[in-house]
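> The following block contains a protein sequence and its predicted model.
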Amino acid sequence: MSGSPTVPVPRKLLPLQLQDVVFSVAGRRIIDGVTLVLESGARTVIVGPNGAGKSVLLRLCHGLLQPTSGTIRWNAPEKPGSPRRQAMVFQRPVLLRRSALSNVAYALRVAGVPREQREPRAREALRSVGLDALAGHPARVLSGGEQQRLALARVWALRPELLFLDEPTASLDPGATQEIERVIGALHAAGTKIVMVTHNLGQARRLGDEVVFLHQGQALERAPADRFFLRPESAEAAQFLKGQLPW
Amino acid sequence: MGGRERRPALYAPDRLFQRACAPSPVSTLGEAATQALHLVTGADPRLIAITLLSLRVSFAAVLIASAIGFPLGATVAVSRFPGRHTLVVVLNALMGLPPVVVGLLVYLLLSRAGPLGAMGLLFTPTAMIVAQAILVTPIVAALSRQVVEDAWIEYREQLRSLGETRFGAALTLLWDLRFSLVTIILAGFGRAAGEVGAVIIVGGNIDGVTRVMTTAIALETSKGDLPLALGLGGILLTIVLVLNAAASVVKDLAQQRYG
């Protein structure tokens, strides 16, 4: 035994391995045998036509849905009851009827952050998304773009290893979208793995290092972003990129 | 006639009928109302004592019912377990508990021979609070279950994503819905303040001890003291109206502010 005290270093959450994952509702396979490995580092963008199962895949990974069959295996799974090390931003953020600041502080409380650390961390997170001036405002009366930034501030404060985003800018104007993309970039730069669903191809190009193309519940293609957009391998992806429905 | 006199009307229904028809000091609703107004404006001490006891009993009952009913309703709303559907049906059905039945059950519990008889609570305000709390708890639980369950659909993914536990989520939702819950509290208070069956059985309507507005109204009406009954009725209506108006204003302001 060495003399120095052993500090337990938590093993990393990633990589995440999906093996033949199927999710079906009433006999219909929404996710139809997806095998995929998500490594830390590169920003992964999941693209595909409506109904391809993008959001469902994200929820399966995040643990909000349980697969009908197949396995989802983490390198070091989160222990039930312990703070989560992954987070998710939804298309429409759900905010509590409290101030912006206490929405962030609430997430910190759930994550088990000691009381005295919550407010400074929440303020710092609000500053990082440019909402510090609105800290005392009720969250639900903020604009759509501000609400989504607040949702990102909540994530920022939690400093997760992994962040899932489900079309976070789908209902926002270009200005708000730009701001959200900046924050996502900053989160990535701070070491958070980004997994994002979008059907905005421009956004996929701007934010994606690698692309997973989902089609009718199947991961048809996975490629570095530059290559995917230049030379998609599957006919379905090529058609999707051309803006055509593949049927 | 065969020398026999006609028998006077001795039967109670006839006498009551005659009394109701006979000219009396208070022969019209208008006069009774005028006298009632005098009692109220003159701050009649009897009236004040009865009103304060009523408020004390019903507020205490609603407080207890809220402390039990809100967490219970919210927990059921966010939980999934076998028999949940049955529990929801039972909870909803209990909203219609007949006050006299609750009164009877509490009476049996608290009477000398009953399991809790040794506590000597029968015919005390405490007994009335217990009975009303039993009446109001299902109302609070069933209505909050509905309200929280509707909101849960919207919040579920987000709260689970943050790692919130079921019970934590229940409490979070209750706080987030606090302005809607005011209406539920009012419904509970209306039930408590307006019922007579339970409090008259377990309280006994003892003057100066357990006489509340509803039992006093029932008694005074049967005695024919319509002004006091009307005065109390007016106060009861006013209290319920003012509480509802205040709650409505608070709710509107809060919703404007918090969205």
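Cool, the structure landed.

> I would like the residues contacting stretch A:119-135, please.
A:99-102, A:104-105, A:108, A:113, A:142, A:146, A:149-150, A:152-154, A:156-157, A:179, A:183, A:186 (C-beta atoms under 8 Å, 6 or more residues apart in numbering or on different chains). The way it works is simple: take the backbone N, C-alpha and C, and place the C-beta from them, glycine included.

> Please verify my assumption that B:Ala60 contacts B:Val130.
No: judged on C-beta atoms under 8 Å, B:Ala60 makes no contact with B:Val130 at a distance of 9.5 Å.

> Who has more neighbours out of those two?
Between B:Ala60 and B:Val130, counted using other C-beta atoms under 10 Å in any protein chain shown, B:Val130 has the larger neighbour count: 23 against 18.

> Contact partners for the more buried one?
Here B:Val130 is in contact with B:Ala61, B:Val106, B:Leu110, B:Leu121, B:Val202 (C-beta under 8 Å, 6+ apart).

> 6 Å - rerun?
Neighbouring residues of B:Val130 by C-beta atoms under 6 Å, 6 or more residues apart in numbering or on different chains: B:Val106.

> chain center to the helix or strand containing it: distance?
In the assignment (DSSP states H and E), B:Val130 maps to helix B:125-162. Taking C-alpha atoms, centre = their mean, to the nearest Å, one finds helix B:125-162 lying 17 Å from the centre of the chain it belongs to.

> C-terminal to that helix, what's the next element?
helix B:166-176.

> From the contacts of stretch A:119-135, list the buried ones, please.
By neighbour count, with 16 or more other C-beta atoms under 10 Å in any protein chain shown, those hold A:99-102, A:104-105, A:108, A:113, A:142, A:146, A:149-150, A:152-154, A:156-157, A:179, A:183 as buried.

> Among these, name the ones in helices.
A:100-102, A:104-105, A:108, A:146, A:149-150, A:152-154, A:156-157, A:179, A:183 (DSSP state H).

> can you tell me how far A:Leu150 sits from chain B?
To chain B, A:Leu150 is 12 Å away according to C-beta to the nearest C-beta, to the nearest Å.

> Show the pLDDT at the residue nearest to that residue when sequence neighbours are not counted.
Of all residues not flanking A:Leu150 in the chain, A:Ala100 sits nearest, at 5.3 Å (C-beta to C-beta, 6 or more residues apart in numbering or on different chains). As predicted, A:Ala100 sits at a pLDDT of 97.

> give me every residue that touches A:Ala100.
Per C-beta under 6 Å, 6+ apart, neighbours of A:Ala100: A:Leu131, A:Leu134, A:Ala135, A:His137, A:Ala139, A:Leu150.

> Could you measure from it over to chain B?
Where chain B is concerned, A:Ala100 sits at a distance of 12 Å (C-beta to the nearest C-beta).

> Around chain B, which positions in chain A sit nearby?
By C-beta under 6 Å from any C-beta of the partner chain, the part of chain A that sits against chain B consists of A:Leu64, A:Arg84, A:Met88, A:Val94, A:Leu96, A:Arg97, A:Ala107, A:Val110, A:Pro138, A:Arg140, A:Val141.

> low-confidence ranges in chain A?
Scanning chain A with the threshold set as pLDDT under 70 gives A:1-10, A:244-247.

> Helices of that one, start to end?
Under DSSP H, chain A gives helices at A:54-62, A:100-110, A:115-128, A:144-158, A:174-189, A:201-207, A:225-230, A:235-241.

> right, and B:Leu91 touches B:Val140 too?
No: look at B:Leu91 against B:Val140 with C-beta atoms under 6 Å: they stay out of range, at 10.2 Å.

> neighbour-wise, which of these two wins?
B:Val140 (28 against 21).

> Give the full set of residues in contact with that one.
Contact analysis of B:Val140 by C-beta under 6 Å, 6+ apart lists B:Ala65, B:Ser66, B:Gly69, B:Ile184, B:Gly188.

> Quick one: end-to-end length of stretch B:159-170, please.
End-to-end distance of stretch B:159-170 (C-alpha to C-alpha, to the nearest Å): 10 Å.

> Would you mind pulling the contact partners of it?
Contacts of stretch B:159-170 (C-beta under 6 Å, 6+ apart): A:Leu64, A:Arg84, A:Met88, A:Ala107, A:Val110, B:Ala74, B:Thr75, B:Val78, B:Ser79.

> what is the third one paired to in the beta sheet?
Right, A:Met88. For A:Met88, the beta-bridge partners under DSSP bridges are A:Phe164.

> Give the burial count for it, as a bare number.
A:Met88 has 26 nearby residues by other C-beta under 10 Å.

> my read: it touches A:Leu165, true?
No: here A:Met88 lies out of contact with A:Leu165, judged by C-beta under 6 Å, at a distance of 7.4 Å.

> joint contacts of those two?
With C-beta under 6 Å, 6+ apart, A:Met88 and A:Leu165 have no common neighbours.

> Where does chain B get nearest to chain A, which residue?
In chain B, the residue that lies nearest chain A is B:Gly259 (3.0 Å; C-beta to the nearest C-beta).

> can you pull the contacts of that residue?
Taking C-beta under 6 Å, 6+ apart as the test, what B:Gly259 contacts is A:Pro138, A:Arg140, A:Val141.

> Taking the centroid of chain A, which residue is nearest it?
Nearest to the mean C-alpha position of chain A, counting by C-alpha atoms, centre = their mean, stands A:Phe164 at 1.1 Å.

> who are the neighbours in contact with that one?
A:Leu58, A:His62, A:Met88, A:Val195.

> burial measure for the nearest residue to the residue of chain B closest to chain A once chain neighbours are set aside, as a count.
Of all residues not flanking B:Gly259 in the chain, A:Arg140 sits nearest, at 3.0 Å (C-beta to C-beta, 6+ apart). A:Arg140: 18 surrounding residues under other C-beta under 10 Å.

> got it, and A:Glu39?
What A:Glu39 shows, counting by other C-beta under 10 Å, is a neighbour count of 13.

> Not counting sequence-adjacent ones, nearest residue to it?
Nearest residue to A:Glu39, sequence neighbours excluded (C-beta to C-beta, 6+ apart): A:Pro15, at 4.8 Å.

> quick one: the helices in chain B?
B:12-21, B:29-41, B:45-78, B:84-94, B:99-110, B:125-162, B:166-176, B:178-194, B:197-203, B:213-223, B:226-258.

> who are the neighbours in contact with whatever residue of chain A ends up closest to chain B?
Of all residues in chain A, the one sitting closest to chain B is A:Arg140 (3.0 Å; C-beta to the nearest C-beta). Contact partners of A:Arg140, counting by C-beta under 6 Å, 6+ apart, are A:Leu95, A:Arg97, B:Tyr258, B:Gly259.

> From B:Val212, how far out is B:Gln132?
10 Å (C-beta to C-beta, to the nearest Å).

> ok, the two, which is more surrounded?
In terms of neighbours (other C-beta under 10 Å), B:Gln132 is the more surrounded of B:Gln132 and B:Val212; the figures are 33 against 28.
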